[in-house]
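# I would like to see how this sequence folds:
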Amino acid sequence: MSMKLPLVLGSSSVFRHAQLERLGVVFQTASPDFDETPLAGETAADTALRLAEGKARSLAAAFPQALIIGADQVAWCQNRQLGKPMSVAKAQQMLYELSGQEIEFYSAIVLLNTVTGRICRHVDKTVVKMRSLSSEQICRYLEREPDAVYCAGAAKSEGLGAALLERIDSSDPNALIGLPLFKLVEFLAEEGWAVV
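Numbers count the residues shown, from 1 in each chain. I've put the predicted structure just below:
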């Protein structure tokens, strides 16, 4: 029965971990081993979904009787994919280029039942309009929000990054943080998990 299957979050992201904790469900985390390099000609939405599914499937052998959550997020602006900058210098450059721009964030989520092989997939699109930022604002932001270098587009919206944003258009405000919870709750219900 799915009800008895343990829930595994296939992510090393502290942000996604905190999001899932807010649902009050019992889960464990595991770090997926999957190459996150985008493929040539792949759309941002397709990249996010492929990576989310790949992360979940990479953990299937380790958790043969579980519900595994895979997630990934890709940002898109000015006809290119934006990853996580991973350094302050790259984050400064990225934020300078994104100043005043609209960015599309594609947040993918999958739920893999490793007993039945059933997989539920979803990609949530969030459009963000960045404020026009000065070099000083960017530097102050990165000094005060050092974890932003681990966020797609260097904008940690659940923290000080909210000050960089002018507008957010989304059907699920959780998706921008990295885990579309509205869809996850639906997927869990389909597997017999009642969150509430």
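
# contacts and neighbour counts: CA atoms only from here.
Noted.

# Tyr141 contacts Ala162, doesn't it?
No - with contacts counted by CA atoms under 8 Å, Tyr141 stays clear of Ala162, the gap being 10.5 Å.

# in terms of packing, which of the two has more residues around it?
Shown here are Tyr141 and Ala162; by other CA atoms under 10 Å, Tyr141 has more neighbours (18 against 14).

# what sits against that one?
Leu160, Gly161 (CA atoms under 8 Å, 6 or more residues apart in numbering).

# and it, its phi and psi?
phi -60, psi -50 (degrees, to the nearest 10).

# okay, it: pLDDT?
The model reports Tyr141 with a pLDDT of 96.

# quick one: it and Ser170, what's the gap?
In this view, Tyr141 and Ser170 are 24 Å apart by CA to CA, to the nearest Å.

# one more: Glu190?
Using CA to CA, Glu190 is found at 23 Å from Ser170.

# looking at those two, which has the bigger crowd around it?
With other CA under 10 Å as the criterion, Glu190 and Ser170 differ in neighbour count, and Ser170 comes out ahead with 15 against 12.

# how about the more buried one: what's its closest non-neighbour residue?
In space, Ser170 comes closest to Thr126 once its chain neighbours are excluded; the distance is 4.7 Å by CA to CA, 6 or more residues apart in numbering.

# residues contacting that neighbour?
With contacts taken as CA under 8 Å, 6+ apart, Thr126 has the following neighbours: Glu104, Phe105, Tyr106, Ser107, Ile168, Asp169, Ser170, Ser171, Ala175, Leu176.

# what's the offset of the host helix or strand of it from the middle of its chain?
In this assignment (DSSP states H and E), Thr126 forms part of strand 119-130. Relative to the mean C-alpha coordinate of its chain, strand 119-130 is positioned 9 Å out (CA atoms, centre = their mean, to the nearest Å).

# thank you kindly, that will do.
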